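Q: Fold the following, please.
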Amino acid sequence: MRPTLYGNRHAVSAGHYLAATAGNAILEAGGNAIDAGCCTGMALAVLHADEVCFSGVAPIIIRMANGEVVTIAGLGHWPMSLPADIFMAEHGGEIPIGVLRTVVPAAPDAWITALRDYGTMSFGDVAAAAIEYARDGFSVFQYLASALEHNAAQESHWPANAAIFMPGGRAPRLGERFVQTDLAATIQYMVDEEKAAAHIGREAGLEAARAAFYVGDIAGKIVAHMESEGGYLSRDDLANFRSQVRSPIQGRWRDFELFTCGPWCQGPTLIQSLLMMEKAGLDGLAQNSADYLHLLIEVIKCSFADREYYYGDPDFIDVPLERLHGDANIDAWLDRIDPDQAASDIPRPNGVNEPFDFPATEGPPDRDPDTSYLCAVDKWGNAFSATPSDGMWMTPVVPGTGLILSARGCQSRPDPSHPSGVGPGKRPRLTPNPAIALRDDGTVVPFGAPGGDAQVQSMLQVFLNIFHFGMDVQDAIDAPRVTSHNFPSSFSPYNYYPGYVGLERRIPDSVQRELERRGHRLDIHPDYTRNVAAVEVIVAEPKPGFLRAGADPRQPAYAIVR
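A: Model (predicted):
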């Protein structure tokens with residue numbers, strides 16, 4: 001559908017073409033990949049307002065040209081005053097829609113932290129595009145139009161939401177101008193505070209922009225809103241928050257080191273799944289053959305069973321990643337995979353006696369709430385990978401600000417005894433999970449996707465398409481994909497669809513029939529669908545010295561190279 005783009009200098013790929021344009025402008029102006037990535041991410045919070053919000057989450061991985069690789073969590077924690085048993089004791093084991101699922105908004109701090117430690121530009125420089133798109137508006141694209149229409153009934157319950165997402169009493173339609181005036185003013189206020197402190201120095205200016213949100217007037221409006229709605233987020237929660245900057249989780253695959261964020265997100269399952277696929281044996285398996293897809297689906301079931309049983313905030317629980325990624329666990333899982341029969345329940349992790357107790361949900365599966373993604377590589381060899389998220393559909397707007405606070409509490413379990421259970425100061429287990437792969441020859445590959453539980457699955461398929469099956473970047477992205485649903489969803493109410501596999505219709509009929517024969521329950525999608533996520537990739541190679549970039553046609557994503 002599209003060609004792979006080749007360039008000599010720099011590249012950016014993002015979930016919306018205007019965001020990619022904004023990031024490219026920063027690179028053209030002399031900014032580095034971190035400056036461009038922060039610009040692109042904040043622009044996506046405006047352009048993908050249905051699935052990204054400025055005050056949401058923004059997990060980031062950065063690889064600097066000097067070899068340093070770091071993660072910036074970009075994920076907030078539960079309010080410190082939240083009773084751990086509130087959802088079990090007062091809400092029947094459910095996390096209701098609204099402010100009770102609010103965690104500390106982390107994205108603004110994450111962008112500013114990245115700029116401060118690894119960027120070169122000011123907050124005002126990189127926020128300018130987001131302000132412009134919010135203030136002047138942009139044309140509603142098909143995906144946004146359908147999302148706004150789908151969520152219209154819910155948004156109508158909150159006047160501040162309806163004012164933005166239902167102007168004139170209805171959702172904006174395809175091709176109409178969508179404006180977010182209050183959000184533009186909020187971001188501009190942060191820029192103005194930075195300018196007022198800039199005479200002290202760049203870092204002081206960035207800190208002033210951060211303080212405007214987490215300590216100053218914006219924080220005051222957020223806390224007043226929380227108090228009026230019965231939420232728990234406090235001034236101290238905001239003022240004391242800082243995104244964790246940590247070393248990544250890494251794993252070796254052939255001549256690559258693969259880097260992900262920690263087990264506070266699902267990222268490490270990508271490493272485990274890749275290691276399992278490799279050890280199972282990929283040679284001789286044709287791309288998207290029944291044997292290959294069956295193996296991939298069964299591997300995902302195993303990795304996600306470990307995710308369900310072990311993953312959570314490592315500041316609160318011990319997540320045994322070394323063991324999970326070790327040969328003994330991988331061999332034990334592979335011994336349990338039947339090459340001729342699909343597992344129709346959630347596999348019990350190795351050494352675990354208690355069965356999972358999740359009631360089946362009537363199928364076919366619903367698509368997960370969504371996200372966006374961006375990556376950038378500059379002329380110096382720095383790389384940036386980020387998966388910003390949170391959207392319009394779960395919580396009220398803070399009046400007068402245009403801000404929707406992170407509702408990622410929906411990815412915690414209501415039972416505080418669960419590894420990813422609710423707890424004051426504890427982070428939910430996040431689905432967004434950017435990645436970067438480094439080859440021994442110096443090749444740098446930032447990649448990622450939106451799509452909830454489909455993210456890791458689609459990232460795995462595209463990565464193998466490129467680096468095992470030898471497909472060029474765009475062809476690897478365009479190729480039809482599958483997603484398993486044989487696990488409880490990461491989102492409240494944790495729907496579970498035993499044996500279900502979502503599959504794009506372009507998978508050959510003979511393969512579909514064989515998968516059904518092996519016991520997979522198929523949910524056939526259109527030829528191209530966001531139900532199987534939407535992957536963006538840049539491959540920066542030292543020889544022959546080109547950057548190759550691609551963007552997924554399943555969303556209005558575009559790549560730009562020079």
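Q: drop to CA atoms for contacts and neighbour counts, all remaining ones
A: Noted.
Q: and the longest helix for this protein?
A: helix 290-310 (DSSP state H).
Q: Can you name the residues in contact with that helix?
A: For helix 290-310, contacts defined as Cα atoms under 8 Å, 6 or more residues apart in numbering pick out 266, 269, 272-273, 276-277, 282, 285-286, 319-320, 324, 333-334, 337, 339, 342-343, 346-349, 419, 457, 482-484, 486-487, 511-512, 514-515.
Q: Out of those, list just those in strands.
A: 482-484 (DSSP state E).
Q: one step back: just the buried residues from the contacts of helix 290-310, in ChimeraX please.
A: In ChimeraX, a selection of the buried entries from the contacts of helix 290-310 looks like this (16 or more other Cα atoms under 10 Å):
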select :266,269,272,273,276,277,282,319,324,333,334,337,342,343,346,347,348,349,419,457,482,483,484,486,487,511,512,514,515
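Q: now the closest residue to residue 421 other than its chain neighbours: how far from residue 317?
A: The spatially closest residue to residue 421, leaving aside those adjacent along the chain, is residue 413, at 4.4 Å (Cα to Cα, 6 or more residues apart in numbering). As for residue 413, its distance to residue 317 is 14 Å (criterion: Cα to Cα, to the nearest Å).
Q: which of the two has more neighbours?
A: residue 413 (26 against 13; other Cα atoms under 10 Å).
Q: what sits against the more buried one?
A: 420-422, 492.
Q: same check, this time on residue 233
A: 78-81, 102-104, 223, 226.
Q: Same check on residue 4?
A: 472-475, 548-550.
Q: State the pLDDT value of it.
A: Residue 4 is assigned 97 on the pLDDT scale.
Q: can you tell me which residues contact the nearest residue to it once chain neighbours are set aside?
A: Leaving out its chain neighbours, the residue that sits closest to residue 4 by Cα to Cα, 6+ apart is residue 474, at 4.8 Å. By Cα under 8 Å, 6+ apart, the contact set of residue 474 is 2-4, 549-552.
Q: quick one: which of the contacts of residue 413 is most hemmed in?
A: residue 422 (30 neighbours).
Q: Residue 515 versus that residue, what's the distance?
A: Distance from residue 422 to residue 515, by Cα to Cα: 38 Å.
Q: what's the answer for residue 494, then?
A: 25 Å.
Q: wait, isn't residue 393 in contact with residue 50?
A: Yes. Residue 393 is within contact range of residue 50, at 7.1 Å (criterion: Cα atoms under 8 Å).
Q: Can you report how many residues lie near residue 140?
A: 20.
Q: Give the phi and psi angles for it, as a check.
A: Backbone torsions for residue 140, taken as degrees, to the nearest 10, come to phi -70, psi 130.
Q: gap between it and residue 176?
A: For residue 140 relative to residue 176 (Cα to Cα), the value is 6 Å.
Q: And residue 135, by the same measure?
A: Taken as Cα to Cα, the span from residue 135 to residue 176 is 15 Å.
Q: Spell out the secondary structure type for residue 185.
A: What DSSP: H, G, I helix; E, B strand; the rest coil gives for residue 185 is helix.
Q: What distance do you get for it to residue 204?
A: 21 Å.
Q: go on, residue 47?
A: For residue 47, the distance to residue 204 (Cα to Cα) stands at 29 Å.
Q: When the two are compared, which one has more neighbours?
A: Applying other Cα under 10 Å to residue 47 and residue 204 shows that residue 47 carries more neighbours, namely 29 against 17.
Q: related to what we said a few turns ago, list phi and psi for the residue nearest to residue 421.
A: phi -90, psi 140.
Q: what about residue 493, how many neighbours?
A: 16.
Q: What of residue 220?
A: Neighbours of residue 220 using other Cα under 10 Å come to 17.
Q: can you check the one 5 residues further on too?
A: The burial count assigned to residue 225 is 18, neighbours taken as other Cα under 10 Å.
Q: what secondary structure does it sit in?
A: helix.
Q: Chain neighbours aside, what residue packs nearest to residue 114?
A: residue 34 (6.8 Å).
Q: residues in contact with that neighbour?
A: By Cα under 8 Å, 6+ apart, the neighbours of residue 34 are 62, 114-115, 118-119, 376, 382-384.
Q: quick one: which of those residues sit in helices?
A: Among the contacts of residue 34, the members that lie in helices (by DSSP H) are 114-115, 118.
Q: which residues in the stretch 51-200 of the chain form strands?
A: Under the criterion DSSP state E, counting those that start in this stretch, strands of the stretch 51-200 of the chain are mapped to 60-63, 69-72, 138-139, 177-178.
Q: and if you look at the stretch 451-562 of the chain?
A: 482-484, 500-504, 521-525, 536-540, 547-550, 558-561.
Q: Out of those strands, flag the one nearest residue 401.
A: Closest to residue 401 of the strands of the stretch 451-562 of the chain, according to Cα to Cα: strand 558-561, at 29.5 Å.
Q: Can you pull out the residues in contact with the closest one?
A: Residues outside strand 558-561 that contact it (Cα under 8 Å, 6+ apart) are 5-17, 20-21, 24, 547, 549-552.
Q: And residue 88, how far from residue 421?
A: For residue 88, the distance to residue 421 - Cα to Cα - is 11 Å.
Q: shared neighbours of these two, anything?
A: In contact with both residue 88 and residue 421: 414-415, using Cα under 8 Å, 6+ apart.
Q: so what pLDDT did the nearest residue to residue 262 once chain neighbours are set aside get?
A: Spatial nearest neighbour of residue 262, excluding adjacent residues (Cα to Cα, 6+ apart): residue 249 at 5.8 Å. What the model reports as pLDDT for residue 249 is 98.
Q: Can you get me the start-to-end distance on stretch 48-55?
A: OK, stretch 48-55 end separation, Cα to Cα: 13 Å.
Q: Mind checking the pLDDT average for it?
A: Per-region confidence: stretch 48-55 scores 94 on mean pLDDT.
Q: what does that stretch rub up against?
A: Here stretch 48-55 has contacts from 16, 42, 44-46, 105-108, 144, 147-148, 369-372, 388-393, 403-406, using Cα under 8 Å, 6+ apart.
Q: ok, now stretch 433-444?
A: Here stretch 433-444 has contacts from 59-61, 63, 255-261, 265-267, 373, 383, 385-387, 445-449, 455-456, 538-542, using Cα under 8 Å, 6+ apart.
Q: List the buried residues of it.
A: 433-439, 443-444.
Q: what's the first-to-last distance across it?
A: Counting by Cα to Cα, the terminal residues of stretch 433-444 are separated by 17 Å.
Q: got it, and stretch 487-501?
A: End residues of stretch 487-501 are separated by 11 Å (Cα to Cα).
Q: Now do the nearest residue in space to residue 38 that is not next to it in sequence, the pLDDT please.
A: Spatial nearest neighbour of residue 38, excluding adjacent residues (Cα to Cα, 6+ apart): residue 111 at 5.6 Å. We have a pLDDT of 98 for residue 111.
Q: Same check on residue 366?
A: Residue 366 is given a pLDDT of 81.
Q: And for residue 363?
A: Reported pLDDT for residue 363: 81.
Q: and it, what element?
A: Using DSSP states H and E, residue 363 sits in no helix or strand.
Q: right, and it touches residue 499 too?
A: No. Between residue 363 and residue 499 there is no contact under Cα under 8 Å: 10.1 Å.
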